[in-house]
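Visitor: Model the following, please.
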Amino acid sequence: MSTSQTEGSVSVADFRAAMRLIVGNVSVITAGVGDDRTGLVVISVVSLSAEPPKVIACVNRSSSTWPIIERYRHFGVNSLGPQHQRVAERFSGFGGIKGKDRYEGAEWTTLKTGASLLTDAVAAFDCSLDEMIDRGTHSIVIGSVEAVRTRDAGQALIYWRGGYRPLEA
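Guide: Numbers count the residues shown, from 1 in each chain. Next comes the predicted model:
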């Protein structure tokens, strides 16, 4: 049952509880190079334009990834499959894992910009940074897709009701 509230009175807890009921694709945003790289999990990656190809993602400005995207002016978007749950957990910071240590336990490659891309990602987008638009606690990160790589096995990793779940076609 939903709660009725007046405009502007939605609590953070109520908002988060409602957002957990929206099914989202799990993607890892990667940024930086070498020892100066990090990344995070996002559920908010969408296509902005097909001509020219552009994507948007929402990144918390207090994350360790935001300044790295700004510094290097590139990022990778890696759409995950069920076999990548441990990758998602690492990039979510489970166990306090940070920075370049998040990349351990998976195979990575680069295509054009230097951003790390998961070699067996369902879909990987290599992006140069167009713009970062600040709204609330996050930035809307707009990227031009410089290269793309796909491995469609008919499966995806989704986030729903506060947890990672497999999705099969």
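
Visitor: all strands for this protein, in order.
Guide: 24-25, 27-33, 36-42, 46-50, 53-60, 74-79, 108-109, 117-118, 123-135, 138-150, 155-160, 163-168 (DSSP state E).

Visitor: Which residue would you name as the spatial centre of the protein?
Guide: V42 (3.2 Å; CA atoms, centre = their mean).

Visitor: ok, that one touching V55?
Guide: No - V42 lies out of contact with V55 (CB atoms under 8 Å); the separation is 10.8 Å. Using the backbone N, CA and C atoms, a C-beta is placed for each residue, glycine as well.

Visitor: just to revisit the earlier point, contacting residues around the residue nearest to the centre of the chain?
Guide: For V42, the contacting residues are 27-29, 57-59, by CB atoms under 8 Å, 6 or more residues apart in numbering.

Visitor: Mind doing that once more with 7 Å?
Guide: Neighbouring residues of V42 by CB atoms under 7 Å, 6 or more residues apart in numbering: 27, 29, 57-59.

Visitor: Counting neighbours, what do you get for the closest residue in space to S139 that isn't next to it in sequence?
Guide: Spatial nearest neighbour of S139, excluding adjacent residues (CB to CB, 6 or more residues apart in numbering): M132 at 4.3 Å. Counted with other CB atoms under 10 Å, the neighbours of M132 add up to 16.

Visitor: M132 and S27, how far apart?
Guide: M132 sits 17 Å away from S27, going by CB to CB, to the nearest Å.

Visitor: K100 now?
Guide: 19 Å.

Visitor: When these two are compared, which one has more neighbours?
Guide: Neighbour count, other CB under 10 Å: between K100 and S27, S27 has more, with 31 against 16.

Visitor: what is that one paired to in the beta sheet?
Guide: Per DSSP bridges, the residues bridged to S27 are V42, S79.

Visitor: residues contacting S11?
Guide: If you count contacts by CB under 7 Å, 6+ apart, then S11 has nothing around it.

Visitor: Next one: it from E146, what distance?
Guide: 41 Å.
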